[in-house]
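*Asks:* Fold the following for me, if possible:
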Amino acid sequence: MPTVTKKLDANQYQLKDQVVAINRVTKVVKGGKNMSFAALVVVGDPTAAVVGFGSGKAKEVPQAIRKGIEAAKKNLVKVNLTQTTVPHISLGRFGSGRVLLKPAPEGTGVIAGGAVRAVMTSAGIQNVLTKSIGTTNPHNVVKATFEALKQLKNKSEVAALRGKSEHEL
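*Replies:* Numbering: from 1, shown residues only. So this is what the prediction gives:
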């Protein structure tokens with residue numbers, strides 16, 4: 001069930017950007033080869049548990065990264081956390097990419113690979129166990145991670161769904 005979320009204002013957060021992947025793309029044309037770069041960027045404010053991702057394409061790497069950051073600021077997501085970890089197990093799917101997020105006790109740290117780690121640290125999640133299943137394509141892995149983060153519910157949401165009070169759970 002898709003939920004409608006209000007757009008978060010990027011200016012009210014101290015966003016830090018992290019480049020996940022840079023891809024050199026070549027287009028063959030009549031006069032030779034046109035080279036350009038595609039950058040996948042994750043931005044987030046660890047203190048506010050806000051994270052977003054974006055993709056930018058340009059002739060030079062810095063320009064592509066700048067475009068990716070601008071795109072990432074436009075689709076920020078608020079993440080439901082319990083202290084320093086995720087509240088429950090969550091499986092995000094995108095394409096053939098699957099990302100499993102599991103809560104971890106204090107002191108565990110972020111157990112995650114490349115693309116998933118970038119999203120977890122940007123979101124301010126300090127203790128989590130993750131498993132990336134299927135594709136290793138960073139675009140699909142990041143999108144699957146965001147699907148898993150969007151599925152996370154806090155105690156008040158679960159209580160409202162079950163028609164109970166928070167302390168009854």
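
*Asks:* Domain map for the protein?
*Replies:* Annotated domains of the chain cover 10-77, 79-168 [automatic domain parsing].

*Asks:* In JSON lines, list the ones you listed along with mean pLDDT.
*Replies:* Shown next, in JSON lines, are those (pLDDT from 0 to 100):
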{"stretch": "domain 10-77", "mean pLDDT": "89"}
{"stretch": "domain 79-168", "mean pLDDT": "84"}
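
*Asks:* In a markdown table, list those domains along with mean neighbour count.
*Replies:* In short, each C-beta sits where N, CA and C put it, glycine included. Conversion of the domains of the chain to a markdown table gives the following (neighbours: other Cβ atoms under 10 Å):
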| stretch | mean neighbour count |
| --- | --- |
| domain 10-77 | 17 |
| domain 79-168 | 18 |
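
*Asks:* Now do the strands in this structure.
*Replies:* Assigned strands in the chain, in chain order: 16-29, 32-45, 50-58, 76-78, 90-94, 97-103, 110-111, 128-134 (criterion: DSSP state E).

*Asks:* Among those strands, which comes closest to residue 150?
*Replies:* strand 76-78 (6.4 Å; Cβ to Cβ).

*Asks:* so how far is the closest one off the chain centroid?
*Replies:* 9 Å (Cα atoms, centre = their mean, to the nearest Å).

*Asks:* Check which helices and strands it is in contact with.
*Replies:* Judged by 3 or more Cβ pairs under 8 Å, 6 or more residues apart in numbering; DSSP states H and E, strand 76-78 is in contact with strand 50-58, helix 138-151.

*Asks:* Show me what the last one is packed up against.
*Replies:* For helix 138-151, the packing partners by 3+ Cβ pairs under 8 Å, 6+ apart come out as strand 16-29, strand 32-45, strand 50-58, strand 76-78, strand 90-94, strand 97-103, helix 114-123, strand 128-134.

*Asks:* Of all these, which one is nearest residue 153?
*Replies:* Nearest of the helices and strands packed on helix 138-151 (Cβ to Cβ): strand 90-94, 9.2 Å.

*Asks:* helices or strands next to that closest one in the packing?
*Replies:* Packing contacts for strand 90-94, counted by 3+ Cβ pairs under 8 Å, 6+ apart, involve strand 97-103, helix 138-151.

*Asks:* looking at the ones you listed, which is closest to residue 73?
*Replies:* Among the helices and strands packed on strand 90-94, helix 138-151 comes nearest to residue 73, with 14.7 Å by Cβ to Cβ.
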